[in-house]
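> compute the structure for the input listed below.
(one chain, ligands or ions: 2)
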Amino acid sequence: MTTLMNPRWNGQFSRFDLVARSGAKTSDCGHSVVRVRDIEIGGDDFVVIAGPCAVESEDQLLRTAEAVAKAGARLLRGGAYKPRSSPYSFQGLGVEGLKILSKARDETSLGIVTEVMSEEDVGVIAEYADIMQVGTRSMENYALLQALGSCGRPVLLKRGMTATLEELLCSAQVVATAGNPDIILCERGIRTFETATRNTLDISAVPVLKTVSHLPVIVDPSHAAGVSALVPVLSRAAAVVGADGLLVEVHPHPDLALSDGEQSLTFRQFRDMMDDLDPYLALRQQARQLRPQLVAAGGHD
Ligand code: PEP
Ligand code: MN
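Ligands and ions are numbered 1, 2, ... in the order given. Below is the predicted model:
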């Protein structure tokens, strides 16, 4: 029998399946579907979350919300609490940013995704957000993961930049066993020796995670690439390998952005990217048939 999966994963499925047993709603094929407003992540739709790295002003966010909604995004992203490598960089607008996000939701009916960095902020962010984003730097913040177990909102868990997939799944498990089965995994690039891109997009993470776990998996091509020119092609790759959606940075004036401008798409670039995705979405359906094959070949389910 050919084993397509790394044999080290053998016998570990039961641990990942604990997430399933903790009460997640699963679709016919055994995958969990996370429902937010009228949006299903992990089902048939390819769900695009788009918006600026950080909420900078009402004008910036509302204009972006309108543009990304028109281009087909279903959720709006934007950080109000920003984890910045330098203490001198823009740290986010805090509660004021959350209020702006909520206004954008009222005006566009997009769902809201925003980052939570500390367990102390979980309550206030959950009042405004539809999905709580855990950033790469927080994937191993276990106090935060625990607190998210009872936040009442789905969690978008980004892979730590030096974390293995097993470690990512263990962090998901912490949230699930703390009471919250609504988890979306996000591959956002990992640190390697390569310097041509900000991070290295581990594209194989998508079929592996879709095989060994039942959780929705999305790709963030913006933080992986670090440059906007690579974002459309990496988004196509994500679709072709069977991802459930994307998290993409978009800004009205990327060169004026207070954070991550180099990797942010303009409205036009985002619209073009969305328009060009169609043929790749057709291929995505084929990739999604892969899971049973991989599982059968590895002798597990
Ligand atoms: C972000 O989404 O803007 C962000 C800070 O992402 P990451 O945690 O992946 O760096
Ligand atoms: Mn960013």
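> in the protein, what spans have low per-residue confidence?
1-29, 290-301 (pLDDT under 70).
> closest point of it to ligand 1, which residue?
Gly135 (2.9 Å; Cβ to the nearest ligand atom). No exception for glycine: its C-beta is placed from N, CA and C like everyone else's.
> and that residue, what does it touch?
83, 115, 117, 158 (Cβ atoms under 8 Å, 6 or more residues apart in numbering).
> hey, where'd the strands end up in the stretch 201-301 of the chain?
Using DSSP state E, counting those that start in this stretch, the strands of the stretch 201-301 of the chain run over 217-219, 245-249.
> so what does the last one touch, helix or strand wise?
Here strand 245-249 is seen to pack against strand 47-51, strand 217-219, helix 221-225, helix 231-240 when contacts are counted using 3 or more Cβ pairs under 8 Å, 6 or more residues apart in numbering; DSSP states H and E.
> switch the ones you listed over to CSV; also include mean neighbour count.
Converted to CSV, the helices and strands packed on strand 245-249 look like this (neighbours: other Cβ atoms under 10 Å):
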stretch, mean neighbour count
strand 47-51, 27
strand 217-219, 26
helix 221-225, 25
helix 231-240, 21
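> ligand 2 is nearest to which of the ones you listed?
helix 221-225 (6.0 Å; Cβ to the ion).
> ok, the residue most central in space within the chain to Gly78 distance?
Nearest residue to the geometric centre of the chain (Cα atoms, centre = their mean): Cys186, 3.9 Å. With distances taken as Cβ to Cβ, to the nearest Å, Cys186 is found 16 Å from Gly78.
> how about the helices of the stretch 101-250 of the chain, start to end?
In the stretch 101-250 of the chain, the segments counted as helices under DSSP state H, counting those that start in this stretch are 122-128, 142-148, 165-177, 205-212, 221-225, 231-240.
> packed most tightly, which of those helices would that be?
Across the helices of the stretch 101-250 of the chain, averaging neighbours per residue (mean count of other Cβ atoms under 10 Å) puts helix 221-225 on top, at a mean of 25.
> doesn't Gly160 make contact with the residue nearest to the centre of the chain?
No - look at Cys186 against Gly160 with Cβ atoms under 8 Å: they stay out of range, at 11.0 Å.
> can you list the residues of the chain near ligand 2?
53, 260 (Cβ under 5 Å from the ion).
> most proximal residue of the chain with respect to ligand 2?
Per Cβ to the ion, Cys53 is where the chain lies closest to ligand 2, at 3.2 Å.
> which ones are touching that residue?
Contacts of Cys53 (Cβ under 8 Å, 6+ apart): 78-79, 82, 249, 251, 257-260, 264.
> can you show me the CA trace of the helix or strand harbouring Leu61 as CSV?
If you go by DSSP states H and E, Leu61 is part of helix 58-71. In CSV, the C-alpha atoms belonging to helix 58-71 read as follows (Å, rounded to 0.1, in the frame of the first residue of the first chain):
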residue,chain,number,x,y,z
GLU,A,58,-13.0,55.6,8.9
ASP,A,59,-12.6,56.9,5.4
GLN,A,60,-9.8,54.3,4.6
LEU,A,61,-11.8,51.4,6.0
LEU,A,62,-15.3,52.3,4.5
ARG,A,63,-13.8,52.9,1.1
THR,A,64,-12.0,49.6,1.2
ALA,A,65,-15.0,47.7,2.5
GLU,A,66,-17.1,49.0,-0.4
ALA,A,67,-14.5,48.1,-2.9
VAL,A,68,-13.8,44.6,-1.7
ALA,A,69,-17.5,43.8,-1.3
LYS,A,70,-18.1,44.9,-4.9
ALA,A,71,-15.3,42.6,-6.0
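> now for it, which elements pack on it?
Packing contacts for helix 58-71, counted by 3+ Cβ pairs under 8 Å, 6+ apart, involve strand 47-51, strand 75-77, helix 95-108, helix 267-276.
> for the second one, give me every contacting residue.
If you take Cβ under 8 Å, 6+ apart as the criterion, strand 75-77 is touched by 36, 39, 47-52, 61, 64-65, 68-69, 101, 104-105, 108, 110-114, 130-131, 133, 247, 249.
> only the buried subset of those, as a ChimeraX command please.
Buried members of the contacts of strand 75-77, defined by 16 or more other Cβ atoms under 10 Å, are picked up in ChimeraX with:
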select :36,39,47,48,49,50,51,52,61,64,65,68,69,101,104,105,108,110,111,112,113,114,130,131,133,247,249
